[in-house]
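J.: Sequence below, structure please.
(4 chains)
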2 protein chains.
Amino acid sequence: MTPRNASFEKALSLLRFVATGTRDLPTLAALSGLPTATVHRYMKALVEAGFLYREKRGHYHVGLGLAELAAAFDLNMVLPVAGRPYLKALAKATGKTAHLAVLEDDMVTYLAKEAGRDAAVYTLENAQLEAYCSGLGKVLLAGLSPDARQKYISNGPFVALTAHTITEPGPLAQELDRIAQHGYAMDDCEVYDTLKCVAVPICNSRGDVLAAISISGAADDFTPDFIDLTRQRLQQAAQDIARKLGTNNGISQ
Amino acid sequence: MTPRNASFEKALSLLRFVATGTRDLPTLAALSGLPTATVHRYMKALVEAGFLYREKRGHYHVGLGLAELAAAFDLNMVLPVAGRPYLKALAKATGKTAHLAVLEDDMVTYLAKEAGRDAAVYTLENAQLEAYCSGLGKVLLAGLSPDARQKYISNGPFVALTAHTITEPGPLAQELDRIAQHGYAMDDCEVYDTLKCVAVPICNSRGDVLAAISISGAADDFTPDFIDLTRQRLQQAAQDIARKLGTNNGISQ
DNA sequence: TGAGATAATCTCAATATATGAGATTATAGC
DNA sequence: GCTATAATCTCATATATTGAGATTATCTCA
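T.: Numbers count the residues shown, from 1 in each chain, chains lettered A, B, ... in the order given. Next up, the predicted model:
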């Protein structure tokens, strides 16, 4: 009467519990609210499907089969198609240029671009740029693990593109810390003298930074109010894109 | 009457089809043998769960939610526990020492060891060794992508540990090609003068090399017959370990 | 090594749930 | 705007899931 694939959802919920930590059957039963017999049947099916691996009594782990399926997930292919409508909307709403990018080999790779009314920005999709000087780049660097971030910073030198470019390791490290804390980055004429930009990260449900989106345009238009509104818009869009990709496994709405 | 979680298996089969290539609903229906209405219901559930991402009409992709769950899969934790019983059996059957290892940063990391009767081998679990000179190392190198393999080879130098160690890039490249083709490697006294070894890869269902297992011992005992029998035993074990971890998603028995 | 405790497994009738043919609606392509 | 094709919905029916309880396997620790 109400087809909801309850069966599949139950299996999924068990999968999630196991992904959270290895558990025994009665514990899983308690956590999921399902009777032991039912949990047992599901676990058996999950193990047979290769989604779980049963080490021993009371110890289930996520299995290779799941990892193999997930290997078909291609972020760089899925991100631009999922993000483009949001970039379009942002470009329209702000009148400025919207970008979506990921970090690859410490370089920013631009995956999608939507120009605004004032097309003051010259970038190409699939182009690569240095990370330390742009808003997108700094957000992405701020999402790196402490180790990787440290390694990047010690790998300089950082060439000055304008008088505002951050070129010293110390200040750059501080800037990245601040960005990680506040959840967004500014580019204050660090690439071009007349260009500013606001950037925010796109995160998965664990909070890992997967990609970033930004709005850039003529420096004069970036008033405090505009910056604030744009940041909010970007953050909303970033969240929507993440959800569209299937983050947080439908736990929340 | 026969609880088989058919529902879950159907969802899984659809997942696999999507992982294989983006498809439209009627195609999926044809491939899976299920009616369109049913496929539709499943796809909806899969998308809601974040396992799939629907780009547009006829274009489904593997979703972030699946990738996130799979992130909980830890090969280095699961491999040794899954492999140990097989190593034990191999050590007992051959009387020699069995190893299980993975490649990390171009170095062989030993994850598990089971000593045979003649404990002629001195390794430690979790120790790291150079890859170019051991059977395990060569099997793992042979499983690298052509690019990565080339990069490794050009990164020498390869220090000679015995008169038999392969130290030249050309012969090493040839050796790796041969290993990739034949599916197993020999260590002919390349680490110690009196030590030989047979090694085979553990692969996932796509054929990617995940890890390797080996049998090593006194060189004199490695007669052609012994080598052949040992190789067969190793290959069987490698296959069993992969299956135990949940490869090939229960497609075959 | 064995007794006690706890986890895994099995069975089967009751019943909630998935099913799918067919009609309808949305969307793409031209 | 028209046509072809994909997506979606409905609902009576068949069927697979369910789970309490009994049984068996497996650990733990004296």
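J.: residues contacting residue A:125?
T.: Counting by Cβ atoms under 8 Å, 6 or more residues apart in numbering or on different chains, residue A:125 touches A:80, A:110-113. C-betas here are computed from N, CA, C, even on glycine.
J.: Counting neighbours, which of these end up buried?
T.: By neighbour count, with 16 or more other Cβ atoms under 10 Å in any protein chain shown, those hold A:80, A:110-113 as buried.
J.: Name the SS class of the residue nearest to residue A:78 when sequence neighbours are not counted, please.
T.: The spatial neighbour of residue A:78 that comes closest, neighbours along the chain excluded (Cβ to Cβ, 6 or more residues apart in numbering or on different chains), is residue B:61 at 5.3 Å. Following DSSP: H, G, I helix; E, B strand; the rest coil, the label given to residue B:61 is strand.
J.: Now the longest helix seen in chain A: buried residues?
T.: Secondary structure of chain A per DSSP state H: the longest helix is helix A:224-245. By neighbour count on 16+ other Cβ under 10 Å, the buried set for helix A:224-245 is A:226-227, A:230-231, A:233-235, A:237-238, A:240-245.
J.: From these, pick the one nearest DNA strand D.
T.: residue A:244 (14.1 Å; Cβ to the nearest atom of the strand).
J.: what about the nearest residue to that closest one once chain neighbours are set aside, how many neighbours?
T.: Nearest non-adjacent residue to residue A:244, counting by Cβ to Cβ, 6+ apart: residue A:82, 4.9 Å away. By other Cβ atoms under 10 Å in any protein chain shown, 26 other residues sit near residue A:82.
J.: just for the stretch 101-250 of chain A, where's the confidence low?
T.: A:118-122, A:248-250 (pLDDT under 70).
J.: ok, how many other residues are close to the spatially closest residue to residue A:237 that is not a sequence neighbour?
T.: Spatial nearest neighbour of residue A:237, excluding adjacent residues (Cβ to Cβ, 6+ apart): residue A:86 at 4.2 Å. Residue A:86: 23 surrounding residues under other Cβ under 10 Å.
J.: Now do the helix or strand hosting residue A:86 against helix A:224-245, angle only.
T.: Using DSSP states H and E, residue A:86 sits within helix A:75-94. On the basis of axes from the mean of the first three to the mean of the last three Cα atoms, to 10 degrees, helix A:75-94 is oriented at 140 degrees to helix A:224-245.
J.: Can you name every helix or strand that helix A:75-94 contacts?
T.: Here helix A:75-94 touches strand A:97-104, strand A:107-114, strand A:209-218, helix A:224-245, strand B:52-56, helix B:64-70, going by 3 or more Cβ pairs under 8 Å, 6 or more residues apart in numbering or on different chains; DSSP states H and E.
J.: In a markdown table: these, plus distance to DNA strand D.
T.: Formatted as a markdown table, these follow (distance: least, Cβ to the nearest atom of the strand, whole Å):
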| stretch | distance to DNA strand D |
| --- | --- |
| strand A:97-104 | 25 |
| strand A:107-114 | 23 |
| strand A:209-218 | 26 |
| helix A:224-245 | 14 |
| strand B:52-56 | 8 |
| helix B:64-70 | 18 |
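J.: Residue A:5: which of these is closest?
T.: Closest approach to residue A:5 among the helices and strands packed on helix A:75-94 is made by strand B:52-56 (12.9 Å; Cβ to Cβ).
J.: Check which residues of stretch A:198-210 are buried.
T.: Using 16+ other Cβ under 10 Å as the test for burial, stretch A:198-210 gives A:198-205, A:209-210.
J.: Spatially, which two of the residues you listed are the most separated?
T.: Within the buried residues of stretch A:198-210, A:198 and A:205 form the most distant pair, 23.8 Å apart (Cβ to Cβ).
J.: check contacts around the closest residue to chain B within the stretch 101-250 of chain A.
T.: Residue of the stretch 101-250 of chain A nearest chain B, by Cβ to the nearest Cβ: residue A:246 (3.0 Å). Residue A:246 is in contact with B:47, B:49-53, B:63-66, counting by Cβ under 8 Å, 6+ apart.
J.: Next, the contact list for the closest residue to DNA strand D within the stretch 51-200 of chain A, please.
T.: Taking Cβ to the nearest atom of the strand, DNA strand D has its nearest neighbour within the stretch 51-200 of chain A at residue A:57, 4.1 Å off. Residues near residue A:57 by Cβ under 8 Å, 6+ apart: residue A:24.
J.: what residues are up against the residue nearest to residue A:219 when sequence neighbours are not counted?
T.: Nearest in space to residue A:219, with sequence neighbours left out and distances taken as Cβ to Cβ, 6+ apart, is residue A:196 at 4.5 Å. Residue A:196 sits next to A:186-189, A:216-219, A:221-222 when contact means Cβ under 8 Å, 6+ apart.
J.: pretty sure residue A:189 contacts residue A:161?
T.: No: the pair residue A:189 / residue A:161 is not scored as a contact, 9.4 Å apart, by Cβ atoms under 8 Å.
J.: hang on, the earlier thing: list only buried entries from the contacts of residue A:196.
T.: Buried among these by 16+ other Cβ under 10 Å: A:186-189, A:216-217, A:219, A:222.
J.: Nearest to DNA strand C, out of the contacts of residue A:196: which one, please.
T.: Nearest member of the contacts of residue A:196 to DNA strand C, counting by Cβ to the nearest atom of the strand, is residue A:216, at 29.7 Å.
J.: Tell me the bridge partners for the closest one.
T.: Residue A:216 forms beta bridges with residue A:97, residue A:197, as assigned by DSSP bridges.
J.: mind checking how far it is from residue A:155?
T.: Going from residue A:216 to residue A:155 by Cβ to Cβ, to the nearest Å gives 26 Å.
J.: cool, and residue A:143?
T.: Between residue A:143 and residue A:155 the computed distance is 17 Å (Cβ to Cβ).
J.: quick one: which of these two has more around it?
T.: Using other Cβ under 10 Å as the criterion, residue A:143 and residue A:155 rank with residue A:143 on top: 22 against 10.
J.: Which residue is the nearest non-sequential neighbour of the more buried one?
T.: The shortest distance from residue A:143 to any non-neighbouring residue, by Cβ to Cβ, 6+ apart, is to residue A:209 (2.4 Å).
J.: contacting residues around that neighbour?
T.: By Cβ under 8 Å, 6+ apart, the contact set of residue A:209 is A:139-140, A:142-144, A:201-203.
J.: Which of these sits closest to residue A:28?
T.: residue A:203 (28.1 Å).
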